[in-house]
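**Q** Following is a predicted model, sequence given first.
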Amino acid sequence: MVRIETCYFCSRPAYPSKGITFVRNDAKVFRFCRSKCHKNFKMKRNPRKLKWTKAFRKAAGKEMTVDSTLQFAARRNVPVRYDRDLMQKTLHAMERVSEIRARRERVFYKKRMAGKRERELALARRLVAENEHLLPRLRGSEKKKLREEGLTEEEIEGMEVEKEKTKAFGKEKKRVAIALEVDEDEDEEGLEEIDEDEEDEDDEVDADDMDMDAD
């Protein structure tokens, strides 16, 4: 039976007569599944920092790291006398272990991805709320409804412009609020001046009446 090695860099299977084998001066053997892994190894890159390696996925919690089925993949250099029945049992056990591991990986993936849709929707809603001023003033459904009512494209564009003018965002809201406060203050001052003018006129009328009575 031919042994299928694992790539030293990315942990993919390195099949016989495929890939690259590098033997260091201290007689340590490194198997690589392709030239990409060999080049990254020569550049002294860390597999845990590259997202396409299994070392990174395991460190980031994207794959199973603690499971009984993973122990069967450990390398065993224990010589055993050939036995046909033992060989058949071994092959059957390998298939069974692969099925169990695949099922557990699917369950692990489902648990890891649970709630992802809700998180994506919440992030999209927050993005829309923060950048609402970049969205079109009228939705496509609203434009379609206005066209069905008989409005022309020019009238629809005019409605969009009016809606854009009436809508304030961010610092514009503060400016509008300040402008409103200033207008209210001016109105109050104008009312006070009008009241003072009316009082002065009333005083003048009273003085004239008193002069006439004296005559």
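**A** Yes, it's here.
**Q** where exactly do the helices run in the protein?
**A** 35-42, 54-59, 84-113, 116-130, 140-149, 153-166, 171-214 (DSSP state H).
**Q** what about residue 10, neighbour count?
**A** 21 (other CB atoms under 10 Å). Using the backbone N, CA and C atoms, a C-beta is placed for each residue, glycine as well.
**Q** My read is that it contacts residue 53, right?
**A** Yes: using CB atoms under 8 Å, residue 10 is in contact with residue 53, at 4.5 Å.
**Q** Pull up the overlap in contacts between these two.
**A** Between them, residue 10 and residue 53 share these contacting residues under CB atoms under 8 Å, 6 or more residues apart in numbering: residue 47.
**Q** Contacts only, for residue 53.
**A** 9-11, 47.
**Q** How about residue 112?
**A** By CB under 8 Å, 6+ apart, the contact set of residue 112 is 61-62.
**Q** ok, back up a step: wait, which of the contacts of residue 53 is closest to residue 150?
**A** Nearest to residue 150 out of the contacts of residue 53 is residue 10 (CB to CB; 64.3 Å).
**Q** can you pull the contacts of that closest one?
**A** 33, 37, 47, 52-55.
**Q** That one and residue 114: what is the separation?
**A** Note on residue 10: its distance to residue 114, by CB to CB, to the nearest Å, is 28 Å.
**Q** for residue 48, same thing?
**A** Using CB to CB, residue 48 is found at 26 Å from residue 114.
**Q** go on, residue 93?
**A** 32 Å.
**Q** ok, back up a step: and the helices of the chain, which one averages the lowest pLDDT?
**A** Lowest mean pLDDT within the helices of the chain: helix 171-214, at a mean of 55.
**Q** And the contacts of residue 53, which is the shakiest by pLDDT?
**A** residue 11 (91).
**Q** Can you get me a residue count around that one?
**A** 17.
**Q** ok, now residue 74?
**A** Count around residue 74 with other CB under 10 Å applied: 6.
**Q** Model confidence at it, what's the number?
**A** Confidence score, pLDDT, at residue 74: 71.
**Q** Could you report the neighbour count for residue 9?
**A** 23.
**Q** Look up the closest residue to it, ignoring the ones flanking it.
**A** Among residues not flanking residue 9 along the chain, residue 37 sits closest, at 3.8 Å (CB to CB, 6 or more residues apart in numbering).
**Q** was I right about the one you found contacting residue 8?
**A** Yes: if you go by CB under 8 Å, residue 37 and residue 8 touch, sitting 7.4 Å apart.
**Q** higher neighbour count, those two?
**A** Neighbour comparison, residue 37 and residue 8: the larger count goes to residue 37, with 26 against 19 (by other CB under 10 Å).
**Q** where's that one relative to residue 87, distance?
**A** Separation of residue 37 from residue 87 (CB to CB) stands at 32 Å.
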